[in-house]
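> need coordinates for the below:
(2 chains)
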Amino acid sequence: MKHNGVTRFSLQNFLGPIVVLIAVTYFIGGSSTSLQLVTQLALCLFVMVLSLQIFVGNSGVLSFGHGAFALVGSYTSAILTAPVNIKDNALSMNQLWEPLVNPQVNIYLSLLIASAISGLIAAITGSLLMRLNGLAAGIATFALLGVAYNVFFNNKKIGPGSQALPGVPLITNNWHLLLLAILALVIVYFFNISKIGRSLRATREDAMAAPSIGINIFRIRWIAFTISGALAGLAGGMYSHVAGTFQVQDYYLEFTFITLSMLIVGGSASLWGALVGTFFITAVGHILLMMEQDLPVFGIKVSIPLGSRAVIIALTFVAMLLWRSDGITNGKEFSLPKIGRK
Amino acid sequence: MIQSVLDAISLGGLYSLAALGLGLVFGVMRLVNFAHAELITIAAYTLVLTTQYPLLVSISFALIVTAFIALLMEFTIYRRLRGVNPAIMLIASFGLSTVLQRLYELMFGALPKSAVVAPFLRGDFKFFGVSITISSVITIVLTITILLLMGYIVEKTSLGLQLRAASADFKTARLLGVRSNRLIGAAFALSGVLATFVALILVIQNPQVSPYYGLNITILSLVGIVIGGIASLRGAAMGGFIVGVVLSALNTLLGNGRVYAYSWLFILVLIILLVRPGGLLSKGSELERV
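As a prediction, the model looks like this:
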């Protein structure tokens, strides 16, 4: 049976993921410098996967276009905060457009602007794209990613083009990133239990029957797409402040694949699935990385040849799909094991 | 001018071959096989790494290897996913594509492998005083031959009848006695054969084979089959052709702005999809749950 997600507020569904996020950030993020970076990146990716969950998970319409919103968010936040001399030096040969050189804003304000801009672009493009269904929608969102990548990769007036923009100020405090992730989680949770969220899942289950109970498919998909675009922008912005650079290539096919696979491996129908998928893929990736570098994992030293990590991650993903195509969580929300009840 | 037109037609033909390979598999199992790219890549590797043998032997090797991998994909992965949500299948093929790319990287290295395949097909000749590259003519001849051959298989043979029946309505086709495993296997093998010819044409033009060699053409033909109308093989081939011709025309017309050719192409695709969501050859829209 397919789980259609939660319909009303439940404290354990809501607090469970938050407690897990806090625990992971505290115990793993605080344990060593390398794990701190891994945790920080995972928190950014979690926001991205949440953004996919709100749209792809609820509506069942596949989007390959969210990389474009992350790209725009990352770019906006990076260009607004990178020091003037770096923008001047690193990009002067590329004739960066003058008004972009001087602006300097606070990191958190820049994140707000980044998600606003991404959300706005999602609203505009969504007003066209959301008229499409099925495969056409998938290809159309991919076209969106293609346009964004192509423009940012080649246009050196608005950004670094194919190079990296270094010197983006870092968010070093894990807790700030955690708060941002929790903020995204709260937004997604309350969206999912709202009337719009439930209607959206109804259209996923039956796109023919949903309009008959008064659901305007276009409108609710558009709302979800816009919110989801804004969250993707936030995720991209956070990513640039954790990586310390902005690079167009970071948000193309590989990014799209890895974030979508996190969503699907975890279970695209639930918020808890987004969390489980992100941490599962991140953990597998990190453990394999340690094996590649001949480092002991939990005291056991297993070595794998250099380069095999990516193969194993992708294989794991395919195997997961064969094993349970509804994801690890099977689309259920977090709940404590029930004792003595069946 | 003549050269530009020939280039456009040959690129269009090439893309329609790739689109046809994708369309065959989609027709029988509603699967957008993203890993078609890796079939093209492995065929190109085989061609480039076997240049010590005569061309025909080398092509035969490539055909065998590619068809084998295509069937292997079917047996190990796609067979188990039959009937699940098409979105899950698409994502699975995306995953399989990544697996194979990384495997190629492990096996052949990240740097391009290169060797001159069929040197006699390079260079150009004069035709009424106009210089024309041999490869563009060969591409067109080869494409037309294969398209005619495919047309014959699809329109005239029993296999083709079954393929058309299956892409129209797979369940009914099964009820009428089409053997699904055999048919799907045949579709995969044929798509492997088509991928080999696409690779052959590609390596004559650009013999630098890297693990991502087939990616670009596959993405663009995927776009092509959707705008052409994914429901029919003819639509797929036509859509691929249109994408190739438009891309080639954009590259000629845009001059210095040609780096943005892909953007214009994608914008055009968006417009076509908005006007005709089912593709150019569709007869009205139907709702499909993806």
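
> now do the strands in the chain.
I'll assume chain A. Ranges of strands in chain A, per DSSP state E, are A:164-165, A:246-247.

> please refer instead to chain B.
Applying DSSP E to chain B gives strands spanning B:113-114, B:124-127, B:130-133, B:208-209.

> buried set for the third one?
Applying a neighbour-count criterion of 16 or more other C-beta atoms under 10 Å in any protein chain shown, the buried positions in strand B:130-133 are B:132-133. Backbone N, C-alpha and C define where each C-beta goes, glycine included.

> now that strand, how far from the centre of its chain.
Centre-to-centre, strand B:130-133 and its host chain are 27 Å apart (C-alpha atoms, centre = their mean, to the nearest Å).

> I figured B:Y45 hits B:Y104, correct?
Yes: the criterion here is C-beta atoms under 8 Å, and B:Y45 meets it with B:Y104 at 7.0 Å.

> that older thread, out of the strands of chain A, nearest to chain B?
When those are compared by C-beta to the nearest C-beta, strand A:246-247 sits nearest chain B, at 17.7 Å.

> neighbouring contacts of the closest one?
Contacts of strand A:246-247 with the rest of the structure, by C-beta atoms under 8 Å, 6 or more residues apart in numbering or on different chains, involve A:74-75, A:78-79, A:82, A:159-160, A:163-165, A:168, A:240.

> hang on, the earlier thing: what would the strands of chain B look like in CSV with distance to B:L247 and mean pLDDT?
As requested, the strands of chain B are exported to CSV (distance: least, C-beta to C-beta, whole Å; pLDDT from 0 to 100):
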stretch, distance to B:L247, mean pLDDT
strand B:113-114, 24, 83
strand B:124-127, 22, 72
strand B:130-133, 18, 75
strand B:208-209, 20, 90
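
> with respect to chain A, which of those lies nearest?
Taking C-beta to the nearest C-beta, strand B:113-114 is the member of the strands of chain B nearest to chain A, at 16.2 Å.

> who does the closest one pair with, and is each partner parallel or antiparallel?
Using DSSP bridges, the strands paired with strand B:113-114 are strand B:208-209 (antiparallel).

> B:I88: what's it in contact with?
Contacts of B:I88 by C-beta under 8 Å, 6+ apart are A:264, A:321, A:325, B:81.

> closest one of these to B:L270?
Nearest to B:L270 out of those is A:I264 (C-beta to C-beta; 25.3 Å).

> quick one, what contacts the closest one?
A:277, A:317, A:320-321, A:327, B:88, B:91.

> among the strands of chain A, which is nearest A:S194?
Here strand A:246-247 is closest among the strands of chain A (C-beta to C-beta), at 33.7 Å.

> from the chain's centroid, how far away is the closest one?
Worked out by C-alpha atoms, centre = their mean, strand A:246-247 lies 16 Å from the chain centre.

> show residues contacting stretch B:61-68.
For stretch B:61-68, using C-beta under 8 Å, 6+ apart, the contacting residues are B:39, B:42-43, B:46-47, B:50, B:53, B:188-189, B:192-193, B:195-196, B:199-200.

> residue contacts, the closest residue to B:L270 other than its chain neighbours?
Closest residue to B:L270 apart from its sequence neighbours, by C-beta to C-beta, 6 or more residues apart in numbering or on different chains: A:A143 at 5.2 Å. Applying C-beta under 8 Å, 6+ apart to A:A143 gives the contacts A:65, B:223, B:266-267, B:269-270, B:273.

> contacts only, for A:L321.
A:264-265, B:81, B:88, B:91-92, B:95.

> show the pLDDT at residue 94.
No chain in the question, so chain A it is. pLDDT for A:N94: 57.

> that's the wrong chain, I meant chain B
Note for B:F94: predicted pLDDT of 87.

> run a quick neighbour tally on it.
23 (other C-beta atoms under 10 Å in any protein chain shown).

> look up phi and psi at the residue nearest to it when sequence neighbours are not counted.
In space, and not counting its chain neighbours, B:F94 is closest to B:F34: 4.9 Å by C-beta to C-beta, 6+ apart. B:F34 has phi and psi values of phi -60, psi -30 when expressed as degrees, to the nearest 10.

> residues touching B:F34, list them.
Neighbour list for B:F34: B:90, B:93-94, B:96-97, B:218, B:222 [criterion: C-beta under 8 Å, 6+ apart].

> hmm, back to that, among the contacts of A:L321, find me the one that's closest to B:L250.
B:I91 (30.3 Å).

> report the contact partners of that closest one.
A:62, A:260-261, A:264, A:321.

> ok, back up a step: buried subset of the contacts of A:A143?
Using 16+ other C-beta under 10 Å as the burial test, these include A:65, B:223, B:266, B:269-270, B:273 as buried.

> quick one: closest of the strands of chain B to A:N58.
Of all these, it is strand B:208-209 that lies closest to A:N58, at 41.7 Å by C-beta to C-beta.

> contacting residues around that closest one?
B:41, B:44-45, B:48, B:108, B:112-114, B:203.

> at 10 Å instead, please
In this structure, residues lying in contact with strand B:208-209 by C-beta atoms under 10 Å, 6 or more residues apart in numbering or on different chains are B:40-49, B:104, B:108, B:111-115, B:117, B:199, B:202-203.

> what's the spacing between that strand and its chain's center?
Strand B:208-209 has its C-alpha centroid displaced from the chain centroid by 18 Å (C-alpha atoms, centre = their mean).

> what does stretch B:52-62 give?
Worked out by C-alpha atoms, centre = their mean, stretch B:52-62 lies 21 Å from the chain centre.

> tell me the mean pLDDT over it?
91.

> near chain A, which residues of the stretch 51-200 of chain B show up?
The stretch 51-200 of chain B comes close to chain A at residues B:76-81, B:84-107, B:109-110, as judged by C-beta under 10 Å from any C-beta of the partner chain.

> buried subset of the residues you listed?
Using 16+ other C-beta under 10 Å as the burial test, those include B:77-78, B:81, B:84-106 as buried.

> got the contact list for B:Q205?
The contact partners of B:Q205, by C-beta under 10 Å, 6+ apart, come to B:10-11, B:14, B:117, B:121-122, B:133, B:135-136, B:138-139.

> try 6 Å
Taking C-beta atoms under 6 Å, 6 or more residues apart in numbering or on different chains, we find B:Q205 in contact with B:S135.

> just the helices in the stretch 51-200 of chain B please.
Secondary structure of the stretch 51-200 of chain B by DSSP state H, counting those that start in this stretch: the helices cover B:55-76, B:86-108, B:134-156, B:158-168, B:170-175, B:180-205.

> do the same with the stretch 51-200 of chain A
With DSSP H, counting those that start in this stretch as the criterion, the stretch 51-200 of chain A has helices at A:58-59, A:66-81, A:84-92, A:107-129, A:134-154, A:174-193, A:195-205.
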